[in-house]
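Colleague: need a structure here:
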Amino acid sequence: MTTALTLTALPYACDPLNYFARLRHRPSAVLLDSGRPHAKGRFDIMASDPLAVLSVSASGETEISADTHPHLAAPPEALLGRSFALQQWLLDQLALPALESELPFLGGLIGFWSYDLGRAQQGVASRHSPVSALPQARVGLFDWSLTLDHERQQAWLVATAARRDEVLAWLRKAQRQEAPFRLTAPFAAEMTAKDYAQRFDAVKRYINAGDCYQINLAQRFSASFSGDSWQAYQRLRKATPTPFSGYLAWEKQAILSVSPERFIGCRDGHVEARPIKGTRPRGKTPQEDDALARALLMSPKDRAENVMIVDLLRNDLGRVCRPGSIHVPALCALESYPNVHHLVSVVRGELTPEATPLTLMAAAFPGGSITGAPKIRAMQIIDELEPCQRSAYCGSLGYIDRRGQMDTSIAIRTLIADGDRLHVWGGGGLVADSEASEEYAETYAKIRHLIGALE
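Modeller: I've put the predicted structure just below:
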């Protein structure tokens, strides 16, 4: 079955903030943000008022609410408890569009998938209680979207005729003013340097014993706040524009992500992952900046971390990709952002005919760049050593289009707002020749500019 969609041209904007500010109070509003005009992403995608919302609670129970889709049938009992299969079923309830377009999203699923959803899907139990009331996943089924194409400098509203008129009315409304955002207590680290060193030593023992080759160890920083989390997101975005950013808010919860890292993209059966491993700060002068970049490129430790994760991703993608299609067109390439240099690799493949983007995601989730290798053992050690669950941190934000297109991030540089509390995590990959003091400093370096933007 197909559905008639219209493409309505809107005035182009070089960033999505003004458009989304008029939509963000709508139910389940979501922004997938390419960071323009300062970052290099091509598309911004925003939507609200989904036909249905699939939510996996902090305890792992799945619920589908369909207040605006009253004719949605109940899912088959055989799918209950199978999160990714239920998401595929929900996606299949949306008719294919009777429209040819190069736009990446013509309706489908948009939302987030937490690290803890992936941990549970991989069969790794947690000894910790959930860090917040945020669900393990929250995914909306959207039949419309507003997309900014920065390459062609165009803006498009994709919707049925009835939806188009609704959205245009929403866009004409004046923006609501909210209470100013401010921290009411400063961010505090969950670990002291001594706490981190003890966990670092435990990781080294596991590596020396052959349990693992690499572990991504993180720590959480928390603060209290008042006011509008959308204002906080705008501060973060200004401080560190990145191509895989996003903002989702509902009730008294929100996710504020300024991630530089793609998890997996899929278009016409072609798959791409872009793992990041290896980080240096930007220099204060051009000479210092160039020296830091060259040191990262020449670092045996950082290259070893990156190559390990590339091998892990080749294995993950190999579960659902055509044999012989997986290749690595870029290995340990330098990418520079306003606050850091990164080593980034590219892994590509082609899906088998029977695979879908959701089966691909289930096979590879959570991303290997934020677990370590081998993945299952690394996740067990992470849960043993980190003092709390990760929630949305190190999960993913993104979309899955009803035509089979997908793009998702790795939710690093990501904060969660839960009531009046903000949480942010900083971490890094540990290998055999890592140094505790350097790695502890890196957990701060990766989030210092985020905290500074909010303070």
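
Colleague: make it CA atoms for all contacts and neighbour counts henceforth
Modeller: Will do.

Colleague: ranges for the strands of the stretch 251-400 of the chain?
Modeller: In the stretch 251-400 of the chain, the strands defined using DSSP state E, counting those that start in this stretch lie at 253-259, 262-267, 270-273, 276-281, 327-336, 340-350, 372-373, 396-401.

Colleague: where's the residue nearest to Tyr444 when sequence neighbours are not counted, which helix or strand?
Modeller: Closest residue in space to Tyr444, ignoring its immediate chain neighbours: Gly426 at 6.4 Å, by C-alpha to C-alpha, 6 or more residues apart in numbering. Assigned by DSSP states H and E, Gly426 falls within strand 421-430.

Colleague: Kindly report the same for Lys194.
Modeller: Following DSSP H and E, the helix or strand that holds Lys194 is helix 193-208.

Colleague: Next secondary structure after that helix?
Modeller: strand 214-226.

Colleague: in the chain, what spans have low per-residue confidence?
Modeller: Across the chain, residues meeting the criterion (pLDDT under 70) sit at 1-3, 67-70.

Colleague: now the angle between strand 327-336 and the longest helix anywhere in it, please.
Modeller: The helix that spans the most residues within the chain, counting by DSSP state H, is helix 300-318. Put simply, helix 300-318 runs at 140 degrees to strand 327-336, going by axes from the mean of the first three to the mean of the last three C-alpha atoms, to 10 degrees.

Colleague: Could you give the separation between the terminal residues of stretch 6-15?
Modeller: Across stretch 6-15, the terminal residues are separated by 23 Å (C-alpha to C-alpha, to the nearest Å).

Colleague: Which positions within that stretch qualify as buried?
Modeller: Burial within stretch 6-15, assessed by neighbour count using 16 or more other C-alpha atoms under 10 Å, is assigned to 6-7, 12-15.

Colleague: Filter these down to the ones in strands?
Modeller: Within these, residues falling in strands by DSSP state E are 6-7.

Colleague: Out of the buried residues of stretch 6-15, which comes closest to Ser229?
Modeller: Ser229 lies nearest to Asp15 out of those, by C-alpha to C-alpha, at 18.6 Å.

Colleague: nearest spatial neighbour of that closest one, skipping sequence neighbours?
Modeller: When the adjacent residues along the chain are set aside, Asp15 lies closest to Arg36, with 5.3 Å between them (C-alpha to C-alpha, 6+ apart).

Colleague: cool, and Cys14?
Modeller: Here the residue nearest Cys14, using C-alpha to C-alpha, 6+ apart, is Pro37, at 5.8 Å.

Colleague: Strands of the stretch 51-200 of the chain, residue ranges please.
Modeller: 52-56, 62-65, 96-97, 108-113, 137-142, 145-149, 154-159, 182-189.

Colleague: Tell me which of these is the most buried.
Modeller: Each of these was assessed for mean neighbour count using mean count of other C-alpha atoms under 10 Å. The highest is strand 108-113, with a mean of 28.

Colleague: follow-up on the earlier one: Throw the strands of the stretch 51-200 of the chain into TSV and include distance to Val310, thanks.
Modeller: Shown next, in TSV, are those (distance: least, C-alpha to C-alpha, whole Å):
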stretch	distance to Val310
strand 52-56	30
strand 62-65	32
strand 96-97	35
strand 108-113	22
strand 137-142	26
strand 145-149	30
strand 154-159	35
strand 182-189	31
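
Colleague: Ok, which of these comes nearest Glu354?
Modeller: strand 96-97 (18.2 Å).

Colleague: and that closest one, what does it pack onto?
Modeller: Using 3 or more C-alpha pairs under 8 Å, 6 or more residues apart in numbering; DSSP states H and E as the contact criterion, the elements in contact with strand 96-97 are strand 2-3.

Colleague: Let me see the contact set for Ser391.
Modeller: When contacts are counted by C-alpha atoms under 8 Å, 6 or more residues apart in numbering, Ser391 touches 114-116, 130-132, 134, 136.

Colleague: buried sites along stretch 16-36?
Modeller: 16, 19-20, 22-24, 28-36.

Colleague: With Ala436 as the reference, measure out to the closest residue to Asp92 other than its chain neighbours.
Modeller: Taking C-alpha to C-alpha, 6+ apart, and ignoring the residues beside it in sequence, Asp92 has Arg402 as its nearest neighbour in space, at 7.4 Å. Shown here: Arg402 relative to Ala436, a distance of 46 Å by C-alpha to C-alpha.

Colleague: swap in Thr147?
Modeller: In this structure, Thr147 and Ala436 are separated by 44 Å, where distance is defined by C-alpha to C-alpha.

Colleague: hang on, isn't Leu292 packed against Lys284?
Modeller: No - under the contact definition of C-alpha atoms under 8 Å, Leu292 does not touch Lys284, with a separation of 10.4 Å.

Colleague: So the two - more neighbours on which side?
Modeller: Counted by other C-alpha atoms under 10 Å, Leu292 and Lys284 do not tie: Leu292 has more neighbours, with 19 against 8.

Colleague: and the more buried one, what does it touch?
Modeller: Residues counted as contacts of Leu292 (C-alpha under 8 Å, 6+ apart) are 280-283.

Colleague: Mind doing that once more with 10 Å?
Modeller: In this structure, Leu292 makes contact with 279-283, 286, 298, 340-341, judged by C-alpha atoms under 10 Å, 6 or more residues apart in numbering.
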